[in-house]
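Visitor: need a structure here:
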Amino acid sequence: MSVRIGTRGSALALTQTQQTAEILAAVGGFETELVRIKTEGDVRTGSLAQLGGTGVFVAALREALLADRCDVAIHSLKDLPTAGTPGLALGAIPVRADARDVLCARDGLTLAQLPPGAKVGTGSPRRAAQLRAARPDLDVVDIRGNVDTRLGRVPGLPGNAPDAPGDLDAVVLAAAGLARLGRTDVVSEFFEPEVMLPAPGQGALAVECRVEDAPVRDNGILAEGAVQGVLAQALAAIDDADTRLAVSAERALLARLEAGCAAPVGALARRKGSLLYLDAVVCSLDGKQSLRLSRATDGLTEVGAHLLGIELAEEFLAQGAADFADLGA
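Guide: Next comes the predicted model:
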């Protein structure tokens, strides 16, 4: 048996897909084959918000799944729209990597050490807004490109090509992506959630499959005694229950706010003992206004996590977040 795994063609996508494929193959006892699929986000230029959001990286992979050109697709979960696709299911969400954002700055500078007017690059309105809130004196520059392209815009970082432009003082990236690529040596500061909340789902991967290949679950819990195929059993084995709960809460909040990548919304859920905690922030694009709220639940099921996200979103709306942020709610 060989399982075809759909992936984008970037270095990061191929690396995280290969790592996941090896784990799937080990637990499932089958061969795997990577199927490279070019997405709209890989070929179009412009800011992510102008391209229509994170879904530009996902649609082609989902089409390949539905057309039986691959058996599963690996996504960065933060790229996955909150609306599902008929016929497809989230077969597995493996253990989450570091969800934090990081600063990669020249001379090892931290955010506090960057001089006034320093140029900091990011393609994320969420990161840009939180940067501006923390340091209104910075020049935040909108950038696109893969990890190496972005890092190449900061002079002196390890691994940069000799002809890299080096026209920025720093860039902000995801810790998880750099770790998967073995590039954490470029990090000058890890942002704690108190400084910068990550995107919902950041650090987690989504293994999407057709519904008939998905493990049978009841409220997030694997159904006992259900007949599972070989692929479904392997997907069930690599799924992490706590990560699934956390991202369910984060994505429910995002969905209720009707916020995509153009709305600066950060969220991070974490299980601590018998409670699931959700921290979130909604910012104006210029970072001048923001609202940060937290809530917890003892409902440690997917329904409980989903309700937690919805309830916190309702609190944001009740306190006027839609008055200063680009929310569709």
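Visitor: could you list the domains of this structure?
Guide: 2-94+204-239, 101-190, 246-323 (automatic domain parsing).
Visitor: what segments of the stretch 101-250 of the chain are strands?
Guide: For the stretch 101-250 of the chain, applying DSSP state E, counting those that start in this stretch gives strands covering 101-105, 119-122, 139-142, 170-174, 189-190, 205-210, 217-218, 221-222.
Visitor: run through who's touching the third one.
Guide: Put plainly, it is strand 139-142. S47, G117, A118, K119, V120, G121, T122, G123, A128, L131, R132, L168 (CB atoms under 8 Å, 6 or more residues apart in numbering). All C-beta atoms are positioned from the backbone trio N, CA, C, and that covers glycine.
Visitor: turn those into a markdown table, including neighbour count and pLDDT.
Guide: Below are the contacts of strand 139-142 laid out as a markdown table (neighbours: other CB atoms under 10 Å; pLDDT from 0 to 100):
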| residue | neighbour count | pLDDT |
| --- | --- | --- |
| S47 | 14 | 52 |
| G117 | 9 | 98 |
| A118 | 19 | 98 |
| K119 | 17 | 98 |
| V120 | 25 | 98 |
| G121 | 25 | 98 |
| T122 | 22 | 97 |
| G123 | 19 | 94 |
| A128 | 23 | 97 |
| L131 | 25 | 98 |
| R132 | 22 | 97 |
| L168 | 23 | 98 |
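Visitor: now the two most distant members of these.
Guide: S47 and G117 (22.0 Å; CB to CB).
Visitor: give me the neighbour count for A134.
Guide: A count of neighbours around A134, defined by other CB atoms under 10 Å, yields 14.
Visitor: between the strands of the stretch 101-250 of the chain, which one is closest to S76.
Guide: strand 205-210 (6.5 Å).
Visitor: helices along this structure, start to end?
Guide: For the chain, the helices defined by DSSP state H cover 11-28, 40-43, 48-51, 59-66, 125-134, 147-151, 175-181, 230-238, 241-257, 302-318.
Visitor: and the closest residue in space to D107 that isn't next to it in sequence, how many residues sit next to it?
Guide: Distances taken as CB to CB, 6 or more residues apart in numbering place G156 nearest to D107, at 6.8 Å, with adjacent residues excluded. Look at G156: counted by other CB under 10 Å, it has 12 neighbours.
Visitor: quick check: G156 vs V186, distance?
Guide: Counting by CB to CB, to the nearest Å, the gap from G156 to V186 is 10 Å.
Visitor: avg pLDDT for stretch 85-98?
Guide: If you average the pLDDT over stretch 85-98, you get 96.
Visitor: what of stretch 258-265?
Guide: 77.
Visitor: dump stretch 112-120 to CSV, restricted to CA.
Guide: Output of stretch 112-120 as CSV, limited to C-alpha atoms (Å, rounded to 0.1, in the frame of the first residue of the first chain):
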residue,chain,number,x,y,z
ALA,A,112,13.3,46.7,22.8
GLN,A,113,16.8,47.3,21.4
LEU,A,114,15.8,48.2,17.8
PRO,A,115,16.5,51.9,17.2
PRO,A,116,13.6,54.3,16.4
GLY,A,117,12.6,54.0,12.8
ALA,A,118,14.0,50.6,12.3
LYS,A,119,12.5,48.7,9.4
VAL,A,120,10.8,45.4,10.4
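Visitor: let's have the chain start at 214 instead
Guide: In the new count, where the first residue is 214, that last one comes out as stretch 325-333.
Visitor: would you check how far apart S337 and R484 are?
Guide: 26 Å.
Visitor: same question, L504
Guide: For L504, the distance to R484 - CB to CB - is 24 Å.
Visitor: cool, F243 as well?
Guide: Counting by CB to CB, the gap from F243 to R484 is 31 Å.
Visitor: okay, the two: which has more neighbours?
Guide: Legend: neighbour count by other CB under 10 Å for F243 and R484, higher for R484 (17 against 14).
Visitor: that older thread, of all the domains of the chain, which one is nearest L410?
Guide: Among the domains of the chain, domain 459-536 sits nearest to L410 (CB to CB), with 2.9 Å.
Visitor: list the contacts for A341?
Guide: Neighbours of A341 in contact, by CB under 8 Å, 6+ apart: T335, V353, D355, P477, L498, G500.
Visitor: in a markdown table, list the residues you listed along with distance to A392.
Guide: Converted to a markdown table, the contacts of A341 look like this (distance: CB to CB, whole Å):
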| residue | distance to A392 |
| --- | --- |
| T335 | 18 |
| V353 | 24 |
| D355 | 25 |
| P477 | 24 |
| L498 | 29 |
| G500 | 27 |
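Visitor: who wins for neighbours among those residues?
Guide: That'd be P477 among these, by other CB under 10 Å, with 27 neighbours.
Visitor: that one contacts R345, doesn't it?
Guide: No: in this structure P477 lies outside contact range of R345 using CB atoms under 8 Å: 9.5 Å.
Visitor: overlap of the contact sets of these two?
Guide: In contact with both P477 and R345: G500, using CB under 8 Å, 6+ apart.
Visitor: just the C-alpha atoms of stretch 380-391, please, in CSV.
Guide: Taking C-alpha atoms only, stretch 380-391 is exported to CSV below (Å, rounded to 0.1, in the frame of the first residue of the first chain):
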residue,chain,number,x,y,z
ASP,A,380,17.5,46.1,3.4
LEU,A,381,15.6,45.5,6.6
ASP,A,382,16.6,45.6,10.3
ALA,A,383,14.5,42.6,11.2
VAL,A,384,11.7,40.3,10.2
VAL,A,385,9.1,38.5,12.2
LEU,A,386,8.5,34.8,11.5
ALA,A,387,6.9,31.7,13.1
ALA,A,388,9.2,29.8,15.5
ALA,A,389,7.7,26.5,14.3
GLY,A,390,8.7,27.0,10.7
LEU,A,391,12.2,27.9,11.5
